[in-house]
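Student: give me the fold of what follows.
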Amino acid sequence: MDVQRGVEGLRGARAGLEGSVGFVPTMGALHEGHFHLMRRARDECDRLVVSIFVNPKQFGPGEDLEAYPRDEAADLAACESLGADLVFLPPVEEMYPEDFATRIEVGGPALGLEGAHRPGHFDGVATVCARLFGLVRPDRAYFGWKDMQQFCVLRRLVADLALPLVLVPCEIVREPDGLALSSRNRYLSPADRKRAPGLHAALQAARRAFLAGERRGAVLLETARRALPETFEPAYFALRREADFTEPKDPVGEGVRILAAARLGRTRLLDNLPLVPAEDRGGFPPGEDGKGPR
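Tutor: Numbers count the residues shown, from 1 in each chain. Model prediction:
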């Protein structure tokens, strides 16, 4: 496994990779959710490239940039065990040199929800991903559905700028009790960790209502709100189409996810569910059952 920390070293290493390249961009603190993306990229492409970079441009004032979990040694060991060919692990000055003067401003799916709660966040995500896509030049880049809005923003970016790669969404990987895997789960206290699956349970309540025949969006959202335990401080519940992140009109149909963000103690949790489980839509695409490839 080749580890590069500088842009020029990355370019040289990338030039030596033959065949198709799958790319998994991360901010480190790797967990099974990242590993699922890496396994799928490894299965579908000839080469696997992983980036590890905590991007300061996507953190707002008062957010957890300095406290964001970092474990370089464990992350590199995981990348090697999963067959990564190349890992890009740059310092900030390599990603954003002193004369760096460009910032991408995104609209469309970036508006509202996380975009409203974290102004400038998706501009920072789009900027760093556009730079990484240009440096790595992957054929396919893999992202999880957990950050649904982020994925839809990046899919729009790739389409609008005609970037020569395919973005591949992979289903959310969960703990046995339903909690969606996230690097920020490390912030949960032991007591809050026991409570954390309540957010997933609230989304499941809305799904059950949908599968029982409820097609009114407002009722589905209220069902989730009522099911959320009082220990959570909800930021929002929302319904969005997978295809374009637009809000569905009644009657709500397939291809829609219910999303939520809520604070539990000092930890802000995100989660979402498709209203129609993948297995009820003709089966999971390969590797999208949240359990990795078989």
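Student: CA atoms for contacts and neighbours, from now on please.
Tutor: Fine.
Student: ok, now how distant is the residue lying closest to residue 29 once chain neighbours are set aside from residue 86?
Tutor: Excluding the flanking residues, the one nearest residue 29 by Cα to Cα, 6 or more residues apart in numbering is residue 70, at 5.3 Å. Distance, residue 70 to residue 86, by Cα to Cα, to the nearest Å: 19 Å.
Student: likewise for residue 246?
Tutor: Applying Cα to Cα, the value for residue 246 to residue 86 is 36 Å.
Student: so for those two, which sits in the more crowded spot?
Tutor: residue 86 (23 against 13; other Cα atoms under 10 Å).
Student: quick check: that one touching residue 48?
Tutor: Yes. Residue 86 lies in contact with residue 48 (Cα atoms under 8 Å); the separation is 6.7 Å.
Student: that's a strand at residue 271, yeah?
Tutor: Yes. Per DSSP: H, G, I helix; E, B strand; the rest coil, residue 271 lies within a strand segment.
Student: tell me who's in contact with it.
Tutor: The neighbours of residue 271, taking Cα atoms under 8 Å, 6 or more residues apart in numbering as the test, are 146, 147, 180, 199, 200, 259, 260, 261.
Student: out of the residues you listed, who's the most crowded?
Tutor: When neighbours are counted by other Cα under 10 Å, residue 199 leads the contacts of residue 271 with 28 neighbours.
Student: once you drop chain neighbours, what's closest to that residue?
Tutor: Distances taken as Cα to Cα, 6+ apart put residue 228 closest to residue 199, at 6.2 Å, once the chain neighbours are dropped.
Student: and the one you found, how far from residue 217?
Tutor: 17 Å.
Student: now the residue nearest in space to the middle of the chain: phi and psi?
Tutor: In the chain, the residue lying closest to the centroid (Cα atoms, centre = their mean) is residue 147, at 3.7 Å. When read as degrees, to the nearest 10, the backbone of residue 147 gives phi -90, psi 70.
Student: for it, give me its contacts.
Tutor: Residues near residue 147 by Cα under 8 Å, 6+ apart: 270, 271.
Student: likewise for residue 210?
Tutor: The contact partners of residue 210, taken as Cα under 8 Å, 6+ apart, are 220, 275.
Student: and it, that's in a helix?
Tutor: Yes. The assignment for residue 210 is a helix, going by three-state DSSP.
Student: now the helices for this protein?
Tutor: Using DSSP state H, the helices of the chain run over 7-15, 32-44, 72-81, 92-95, 114-117, 121-136, 148-160, 190-195, 198-211, 217-227.
Student: nearest to residue 106, out of those?
Tutor: Taking Cα to Cα, helix 121-136 is the member of the helices of the chain nearest to residue 106, at 5.8 Å.
Student: one step back: what's the burial count for the residue nearest to residue 199?
Tutor: Using other Cα under 10 Å, residue 228 has 21 other residues around it.
Student: re earlier: could the contacts of residue 271 go into TSV alongside distance to residue 253 and pLDDT?
Tutor: As requested, the contacts of residue 271 are exported to TSV (distance: Cα to Cα, whole Å; pLDDT from 0 to 100):
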residue	distance to residue 253	pLDDT
146	20	96
147	21	97
180	24	98
199	22	98
200	21	98
259	15	98
260	19	98
261	22	98
